[in-house]
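Enquirer: Quick one, what's the 3D model for this:
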Amino acid sequence: MSREDIVRHYKVDESRMLDKVVSMPDHIEEAWKLAKSFAHGIDRPRSPVIICGMGGSAMGGKLLRGLIQQDSAIPLVLESGYSLPPFAGKDTPVICISYSGNTEEVLSCFDNAVLKKCPTIAITSGGRLEVEAEQVGVPVLRLPGGMPPRAAISYLFIPLLEFFSRWGIYKVDNDQIERATRHVRGLVEKYSLEGDPAENIALELAKKLYGKIPLLYSAGGLLGAVAYRWKCQFNENSKAMAFYNLFPELGHNEVMGWDCPERLREDMFIILMIDSEDHPRVQKRMEVTFEMLSSLGAGGIILHSEGGGGREGRLERLFSLLVLGDFTSVYLAVEYGKDPTPIEKITQIKDILGSDGSL
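Expert: Numbering: from 1, shown residues only. Next up is the predicted model:
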């Protein structure tokens, strides 16, 4: 893009969310090193592992579950409420994640974990979670601060992956992290403002999505959480409505919603995400459904994850669409003339409820 185009972008993106997206490869490397040097003292779990988080701080657990679910013999339970499941006890590892350290739901779960004597880890950049954890001797993985939680996604995901690898639940080595980082770095160069606009699918997709309602569809495997991440990034960064659903379930209900009056569906744009490890029958169902529905609304696009095949390439493939979604959401925000960073309505709700923390 021209220098004028870049200047024009940052006149809207005043808080420079794009810079944080561009920093994703560095964040992956730093988060891996940070986690590798962290001593949490919890042995390999024999029972389900509970990860507590809300909003952006919960996304790392969702991504982890999508990555490992095909191979993990240890169940992963995600908790976004105010208390732990009834089965939690002294043999149940609990990881409490709040980027700000002040998320009230996570603090409540942390208190519950301490009460139940669960082996617990806190992941935060500070706040009450750090203080309370240190008071009771719970190990704290301290993250770099100063970012919106959604921009700290690598710090909220990679440490979890390192813990599960250390426990032998889902092994990942330094080479896999390095390959994923190189892969993301190449995509960042491709999607950044300094890249060739003719090759920048993130910019192109943002322009297509102007005035549309994105519907994020994927299978429930590796890309399920990635599709949900796109939805949330469109909501928070782009200040746009967006929705998501998963195959094969949506083929048994949501498809009939497309028989609604045309005025209700004419602005809906399908973004279908496919991974090479999706079940062949699910892939076929996705392709047939896309062909059937995309002409009923504002069109659509099929995105295939990029990277190595099989288990060894999963992390690359996950990040390939994660980084594309982050870029697209920022560019769409600029198309709408919205600074991607502020989240006034979320802040207003917390102020009304008297919550003193951010997600």
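Enquirer: after the top helix by length along the chain comes which helix or strand?
Expert: If you go by DSSP state H, the chain has its longest helix at helix 314-335. Moving toward the C-terminus from helix 314-335, the first helix or strand encountered (DSSP states H and E) is helix 344-353.
Enquirer: Strands of the stretch 1-150 of the chain, residue ranges please.
Expert: Counting by DSSP state E, counting those that start in this stretch, the stretch 1-150 of the chain has strands at residues 49-52, 76-79, 94-98, 120-124, 140-142.
Enquirer: most packed of those?
Expert: Looking across the strands of the stretch 1-150 of the chain with neighbours counted as mean count of other Cβ atoms under 10 Å, the highest average goes to strand 94-98: a mean of 30. C-beta: built from backbone N, CA, C; applies to glycine.
Enquirer: mind listing what the residue lying closest to Asn174 once chain neighbours are set aside touches?
Expert: Using Cβ to Cβ, 6 or more residues apart in numbering and skipping residues adjacent in sequence, the residue nearest Asn174 is Trp32, 7.7 Å away. Applying Cβ atoms under 8 Å, 6 or more residues apart in numbering to Trp32 gives the contacts 158, 162, 174, 177.
Enquirer: Kindly report the same for Met147.
Expert: Here Met147 is in contact with 20, 99 (Cβ under 8 Å, 6+ apart).
Enquirer: residue boundaries of the helices in the stretch 151-300 of the chain?
Expert: Secondary structure of the stretch 151-300 of the chain, counting by DSSP state H, counting those that start in this stretch: helices at 153-166, 174-191, 201-209, 224-236, 262-265, 280-293.
Enquirer: Then the stretch 1-150 of the chain?
Expert: Counting by DSSP H, counting those that start in this stretch, the helices of the stretch 1-150 of the chain are 3-12, 17-22, 24-36, 59-68, 104-115, 127-135.
Enquirer: Near Arg166, how many other residues are there?
Expert: Arg166: 16 surrounding residues under other Cβ atoms under 10 Å.
Enquirer: Isn't Val255 up against Val288?
Expert: No: using Cβ atoms under 8 Å, Val255 is not in contact with Val288; the gap is 10.3 Å.
Enquirer: Let me know how buried Lys190 is, in neighbour terms.
Expert: 16.
Enquirer: And the residue of the chain most remote from its centre, how close does it get to Leu296?
Expert: Distance from the centre of the chain peaks at Pro261, with 32.9 Å (Cα atoms, centre = their mean). According to Cβ to Cβ, to the nearest Å, Pro261 stands 11 Å off from Leu296.
Enquirer: for Lys116, same thing?
Expert: Lys116 is 50 Å from Leu296, where distance means Cβ to Cβ.
Enquirer: and if you look at Arg8?
Expert: For Arg8 relative to Leu296 (Cβ to Cβ), the value is 35 Å.
Enquirer: And for Ala180?
Expert: Applying Cβ to Cβ, the value for Ala180 to Leu296 is 37 Å.
Enquirer: Between the two, which is the more surrounded one?
Expert: When neighbours are counted by other Cβ under 10 Å, Ala180 and Leu296 differ, and Ala180 comes out ahead with 26 against 16.
Enquirer: In contact with that one, which residues?
Expert: Per Cβ under 8 Å, 6+ apart, neighbours of Ala180: 28, 307, 315-316, 319.
Enquirer: For it, give its distance to Gly61.
Expert: The value you get for Ala180 to Gly61, if Cβ to Cβ is used, is 18 Å.
Enquirer: now Leu332
Expert: Between Leu332 and Gly61 the computed distance is 26 Å (Cβ to Cβ).
Enquirer: Met24 now?
Expert: Distance, Met24 to Gly61, using Cβ to Cβ: 18 Å.
Enquirer: ditto for Val140
Expert: As defined by Cβ to Cβ, Val140 lies at a distance of 17 Å from Gly61.
Enquirer: Apart from its neighbours in sequence, what residue is nearest Gly220?
Expert: Leu246 (4.4 Å).
Enquirer: any idea of the pLDDT on Ser355?
Expert: pLDDT recorded at Ser355 is 53.
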